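Peer 1: build me a structure from this.
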Amino acid sequence: MALALRFRCVAVLVFLLSSPRALPVVKVEAAALDLFTDKEALLSLKSQVTTDPSNTLSSWNNNSSPCNWTRVSCNQMNQRVIGLDLSGLRLTGSISPNIGNLSLLRSLHLQGNQFTGVIPDQIGALSRLSVLNISFNSINGPIPLNITKCLNLQILDLMQNEISGAIPEELSSLKSLEILNLGGNKLWESKTSNLSINNLTGNVPLSLYNISSLVFLAVASNQLRGEIPVDVGDRLPNLLNFNFCINKFSGSIPWSLHNLTNIQSIRMAHNLLSGYVPSGLRNLPELQMYNIGYNQIKSSGDEGLNFLTSFINSSYLNFLAIDGNLLEGLIPESIGNLSGSLRSLYLGGNRIYGRIPTSIRHLRSLALLNISYNYVSGEIPPEIGELTNLQELHLAANKISGRIPNSLGKLQKLNKIDLSANDLVGSLPTTFVNFQKLVSMDLSSNSLSGSIPKEIFSLSSLSATLNLSSNQLTGSLPQEIKGLENVAAVDFSHNHLSGSIPDTIGSWKSLERLFMENNMFSGVIPATLGDVKGLEILDLSSNQISGIIPNNLENLQALHLLNLSFNDLEGLLPKEGAFINLSRIHVEGNSKLCLDLTCWNNQHRKRTSTAIYIVIASIATVAVASGAL
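Peer 2: Below is the predicted model of the structure:
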């Protein structure tokens, strides 16, 4: 899951004001500045650029006007520099303090480079600056307080750097600010009442909750903690988007957020929130996203999930995530009455029990359904096959029983299916041949039986995983397995599969991991496996494979683990290539296999002596028989 930590929370810190107010430009008390000063400032900036892969700054020289330089903009009236855009050039170096001499600069775009060092204090001299974007660099140090002198700033984007220190409360003085983006840094707000505890993390400055015109508030992907004010919705009545994902906030979900009738997005996933889901969800007709996943939110009893019914008035809802909590109860039948626009429904990682209601068929826009890691029982409703827009189906680690319904074959847009760790029985549906967009399939740890349908091996779209391990599958692998030419990982282990391994397995050119242990495979190791150059793990242990180890396996330079133990292999172990490092090779339990020539010669002499003994014994037997005649 998550990884995955699924990246459903935008890692940004944005404050968007609904009606920015124009303020007088602050006069800079300094020596007269002109185009020559602009030129010197830009050349100073260039001098601190250590790498320019595209040679973009080659036009910056003393022989021409800065207004003719690449990525520099000037005004028409007095030919002064008003714009600088060096975004996406992969420049390295630091930002020159002389940047503060560009006194008429209105926009500065440095995003998408590799600048290091700090933001110079002289940035505060840019009184006319309205846009400052230094996102996606490696800038460190604190946010300079002098930035608060740039009273005309409308956009301040410092996202994805290594900026540390406190979030200055003075940022609230930037009354023209529309966007403030500080996400993906190492920011903290010290607790001034007790610096000895948690002085590297803390609360969002309370002053920022007082900007009543705020419509977009996000502090995602930081290390902020403390409780979110329960009256945050009252303080910020114009909020449309609220994003506090991926922090360490505690306390309860603020009830006041459910009173904001115009709010479109509420996101608080991956925190330490507890308590119950507050009432008021029926008040959110404009809501599009509600994400409280991966907290400690709880409910109890059969009706513990009935708050889901409250979203019935949110006709624009397209994303709903309550996964990774302590929610208990039955999935209400009324879930089918949720928005027809709902595309993502995350219920996994809770304490949900009972059956999947058949009313789920009405959520026709669903692209993702995740109910994994619960206590859901009963059979997979055939009605899920009516969700023809479904792209991901995750029902893993439940108590689901019965057969896999053939109707799932109708899900022609499906690219991921995970039904692992349940109590499913019966054979794999041949209707899975319709999964022509499938990237990953995991049906492991069930009680599935019968042979693997040839149709499964025709799914050339499978590029990530095919996992059928820990079932009761029987039969042999057909030559048609060559159809899985794009798959990266295959796991057939812990079944009852038999027969030889087809040599067409060498066509799996993208294969990185292959697990076939604990089956009844026989025959020899296909030499064609040596053609799968990217193979990192090959496990054929605990089978009935015989013959020699093909020298072609020496070509597997990427191999980290080769497990051939407990088979019936013979001959001499290869010595070159992948076999140089024997710590990666496991061949125990093969009594006829030799690691060196001494063993091989002794074994060969023993076999020769045995053969001579048998011949002599046979001659003697014939002689005795002849004498008796």
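
Peer 1: name the nearest residue to Gly275, sequence neighbours excluded.
Peer 2: Once flanking residues are discounted, Gly275 sits nearest to Ser252: 3.8 Å by Cβ to Cβ, 6 or more residues apart in numbering. Every C-beta, even on glycine, is put in place using the N, C-alpha and C of the backbone.

Peer 1: which ones are touching that neighbour?
Peer 2: Neighbouring residues of Ser252 by Cβ atoms under 8 Å, 6 or more residues apart in numbering: 227, 230, 273-276, 278.

Peer 1: what's the helix or strand for it?
Peer 2: Assigned by DSSP states H and E, Ser252 belongs to no helix or strand.

Peer 1: from Val204, how far out is it?
Peer 2: From Ser252 across to Val204, the span is 16 Å (Cβ to Cβ, to the nearest Å).

Peer 1: before we move on, the earlier item: how far away is the residue nearest to Gly275 from Ala218?
Peer 2: Ser252 sits 20 Å away from Ala218, going by Cβ to Cβ.

Peer 1: could you list the low-pLDDT ranges of this structure?
Peer 2: For the chain, the stretches with pLDDT under 70 are 1-33, 188-202, 597-598, 600-629.

Peer 1: at which residues are the helices of it located?
Peer 2: Ranges of helices in the chain, per DSSP state H, are 35-47, 232-235, 597-628.

Peer 1: could you check how far the closest residue to Ser315 other than its chain neighbours is from Ala367?
Peer 2: Leaving aside its chain neighbours, Ser315 sits nearest to Ser339 (5.4 Å; criterion: Cβ to Cβ, 6+ apart). Distance of Ser339 to Ala367, given as Cβ to Cβ: 13 Å.

Peer 1: for the stretch 151-300 of the chain, which segments count as strands?
Peer 2: With DSSP state E, counting those that start in this stretch as the criterion, the stretch 151-300 of the chain has strands at 155-157, 162-166, 179-181, 186-188, 214-218, 225-227, 241-243, 248-250, 265-267, 274-275, 289-291, 296-297.

Peer 1: picking that back up, and the gap between the residue nearest to Gly275 and Lys298?
Peer 2: 11 Å.

Peer 1: what sits in contact with each of the two?
Peer 2: 274-276.

Peer 1: buried residues, stretch 66-77. List them.
Peer 2: For stretch 66-77, burial by neighbour count (16 or more other Cβ atoms under 10 Å) applies to 66-67, 69, 71-72, 74.

Peer 1: can you list these in a markdown table and add distance to Arg355?
Peer 2: As requested, the buried residues of stretch 66-77 are exported to a markdown table (distance: Cβ to Cβ, whole Å):
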| residue | distance to Arg355 |
| --- | --- |
| Pro66 | 71 |
| Cys67 | 71 |
| Trp69 | 68 |
| Arg71 | 61 |
| Val72 | 66 |
| Cys74 | 69 |
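
Peer 1: nearest to Leu484, of those residues?
Peer 2: Arg71 (48.5 Å; Cβ to Cβ).

Peer 1: please look at the closest one and Asp85 and confirm they touch.
Peer 2: Yes. Judged on Cβ atoms under 8 Å, Arg71 makes contact with Asp85 at a distance of 5.0 Å.

Peer 1: break down the stretch 451-600 of the chain into its strands, ranges please.
Peer 2: Assigned strands in the stretch 451-600 of the chain, in chain order: 465-467, 472-475, 489-491, 496-500, 513-515, 520-522, 537-539, 546-547, 561-563, 568-572, 585-586, 592-594 (criterion: DSSP E, counting those that start in this stretch).

Peer 1: and of the ones you listed, who's closest to Ile404?
Peer 2: Nearest of those to Ile404, taken as Cβ to Cβ: strand 472-475 at 13.3 Å.

Peer 1: next, the buried residues of that closest one.
Peer 2: For strand 472-475, by 16+ other Cβ under 10 Å, it's Leu473.

Peer 1: cool, stretch 372-391 as well?
Peer 2: For stretch 372-391, burial by neighbour count (16+ other Cβ under 10 Å) applies to 372-374, 376, 380-381, 383-387, 390-391.

Peer 1: quick one: end-to-end distance for that stretch.
Peer 2: End-to-end span of stretch 372-391 (Cα to Cα, to the nearest Å): 15 Å.

Peer 1: same check on stretch 488-504?
Peer 2: 16 Å.

Peer 1: buried residues in that stretch, which are they?
Peer 2: 488-495, 497-498, 501-504.

Peer 1: need the max-distance pair from those residues.
Peer 2: Between all members of the buried residues of stretch 488-504, the farthest pair (by Cβ to Cβ) comes out as Ala488 and Ser498, at 25.6 Å.

Peer 1: returning to what we had before: okay, the shared contacts of Ser252 and Lys298 in TSV with distance to Phe319 and neighbour count next?
Peer 2: Formatted as TSV, these follow (distance: Cβ to Cβ, whole Å; neighbours: other Cβ atoms under 10 Å):
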residue	distance to Phe319	neighbour count
Ser274	23	15
Gly275	22	13
Tyr276	21	14
